[in-house]
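In: Structure for the following, please:
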Amino acid sequence: MTEKQRIERILETLDTYYEKDVICYLNHENTLQLLIATILSAQCTDDRVNMVTESLFKKYRTAEDFATVELSELEVDIKSTGFYKNKAKNIKACAIKLCELYGGEVPKDLEALTELAGVGRKTANVVRGNIFNIPSVVVDTHVKRISIRWGLTMATDPVAIEMELMKKLPKEHWIRYNTQVIAHGRAICTARAPKCLDCMFLALCPYGLTKRLQDLPKQAQEALEKGHMY
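Out: Modelled structure (predicted):
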């Protein structure tokens, strides 16, 4: 099986088991809210971010609200997301720039987005893909881990992984690849103790096959290596 054929089977399996419609796990009602929520999601679970933003977005409704709040007050409001001092500083600086340069609106241009405080390529691509429907590859912890396990990349730098996936994945799969892989990472291919024997991708996954091989009796290992199994 060629790499192209294997990738096609991976994408077909993703579409079979997970929603084709793009699902954003961060609750939001507009572009600004998604931008802020994604900044907060660094080193924090989506569930925790959603708990915080439920009240946060009732208190702060515009970029001007975030730009004018006292930093100490914003820190208290987002404290439970972790790294709250740096996040508050970035959110306030980001909001100030949005007000000064874009009338409080969030731009869709990648370069413009990544020039905002606290906004890297991942955050920018989340906004571009989910709000503006611009084909984008979002490399979060799940995409990084599982893409490496599937052998789609050997890179560890998120930007390098993004570039490699953009070359290998059809553009029409870019946006939903992220949300489908997140679902798979949460359900089966977890960071610790992945459920390889229950995984629908086992035959396509170098990591899973290697892990399974290590667990098999010696006679079965030899048979698998000779191509008599799976």
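In: quick one: buried residues of the top helix by length along the chain?
Out: Once the chain is assigned using DSSP state H, the helix that runs over the most residues is helix 84-102. Across helix 84-102, burial judged by 16 or more other CB atoms under 10 Å covers 84, 87-88, 90-99. The C-beta positions use only the backbone N, C-alpha and C, and glycine is treated the same way.
In: ditto for stretch 58-70
Out: In stretch 58-70, counting by 16+ other CB under 10 Å, buried: 60, 63, 66-67, 69.
In: Could you export those residues as JSON lines, including distance to Cys205 and secondary structure?
Out: As requested, the buried residues of stretch 58-70 are arranged in JSON lines below (distance: CB to CB, whole Å; DSSP: H, G, I helix; E, B strand; the rest coil):
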{"residue": "Tyr60", "distance to Cys205": "43", "secondary structure": "coil"}
{"residue": "Ala63", "distance to Cys205": "43", "secondary structure": "helix"}
{"residue": "Phe66", "distance to Cys205": "42", "secondary structure": "helix"}
{"residue": "Ala67", "distance to Cys205": "46", "secondary structure": "helix"}
{"residue": "Val69", "distance to Cys205": "47", "secondary structure": "coil"}
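In: got JSON lines for the residues you listed, with distance to His28 too?
Out: Below are the buried residues of stretch 58-70 laid out as JSON lines (distance: CB to CB, whole Å):
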{"residue": "Tyr60", "distance to His28": "13"}
{"residue": "Ala63", "distance to His28": "14"}
{"residue": "Phe66", "distance to His28": "14"}
{"residue": "Ala67", "distance to His28": "19"}
{"residue": "Val69", "distance to His28": "19"}
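In: Could you identify the most distant pair in those residues?
Out: Ala63 and Val69 (11.2 Å; CB to CB).
In: Just give me the neighbour total for the residue nearest to Val126 when sequence neighbours are not counted.
Out: In space, Val126 comes closest to Thr38 once its chain neighbours are excluded; the distance is 4.9 Å by CB to CB, 6 or more residues apart in numbering. Number of residues near Thr38 (other CB atoms under 10 Å) recorded here: 26.
In: tell me the contacts of Thr38?
Out: Residues in contact with Thr38 (CB atoms under 8 Å, 6 or more residues apart in numbering) are 26, 122-123, 126-127.
In: Which ones among those map onto helices?
Out: 122-123, 126-127.
In: Break the protein down into its domains, please.
Out: 3-21+137-187, 31-130 (automatic domain parsing).
In: ends of the shortest one, how far apart?
Out: Domain 3-21+137-187 has an end-to-end distance of 25 Å (criterion: CA to CA, to the nearest Å).
In: What are the contacting residues of stretch 119-138?
Out: Residues contacting stretch 119-138 (CB under 8 Å, 6+ apart): 22, 24, 26, 31, 34-35, 38-39, 94, 106, 108, 110, 113-114, 139-140, 143, 158-159, 162, 165-166, 169, 171-172, 174-175, 177-178.
In: Could you report the neighbour count for Leu209?
Out: Residues lying near Leu209 (other CB under 10 Å) number 15.
In: Quick check, pLDDT for it.
Out: In this model, Leu209 is scored at 89, pLDDT.
In: Excluding chain neighbours, what is closest to it?
Out: Leu202 (6.7 Å).
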